[in-house]
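J.: Output the structure for:
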Amino acid sequence: MSRKEKLYNKLHKVPPPTDFTWEELVTLMRQHNFSESCDGSSHYVFEHITGYRFTMSKTHPSGLLKIYQVKRAREAIAACKDRV
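T.: Predicted structure coming up:
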């Protein structure tokens, strides 16, 4: 199983994972054709190549995502999965 598949499976665990890191999120989103930008604050905009966008705050200081952030990432990937 590739790293991409492992991260995807980890994100989609039930119940949602509590140990998913910000770095893992950025890696997974890039693998699914999202790019990220930041204006200098902790708020990031993830944009898919199709134009789908969503924002998320980088978690401090632990770097671990909250459950609602995991769910938003899942929704974004699902929304763009068939668009490429």
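J.: Which parts of the protein are strands?
T.: Secondary structure of the chain (DSSP state E): strands at 34-38, 43-48, 53-57.
J.: Figure out which of those is closest to residue 5.
T.: Counting by CB to CB, residue 5 lies closest to strand 34-38 out of the strands of the chain; the figure is 17.2 Å. The way it works is simple: take the backbone N, C-alpha and C, and place the C-beta from them, glycine included.
J.: The closest one to strand 43-48, inter-axis angle?
T.: 160 degrees (axes from the mean of the first three to the mean of the last three CA atoms, to 10 degrees).
J.: Show me what strand 34-38 is packed up against.
T.: helix 22-31, strand 43-48 (3 or more CB pairs under 8 Å, 6 or more residues apart in numbering; DSSP states H and E).
J.: still on that earlier bit, can you lay out the strands of the chain as a markdown table showing distance to residue 76?
T.: Below are those laid out as a markdown table (distance: least, CB to CB, whole Å):
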| stretch | distance to residue 76 |
| --- | --- |
| strand 34-38 | 7 |
| strand 43-48 | 7 |
| strand 53-57 | 5 |
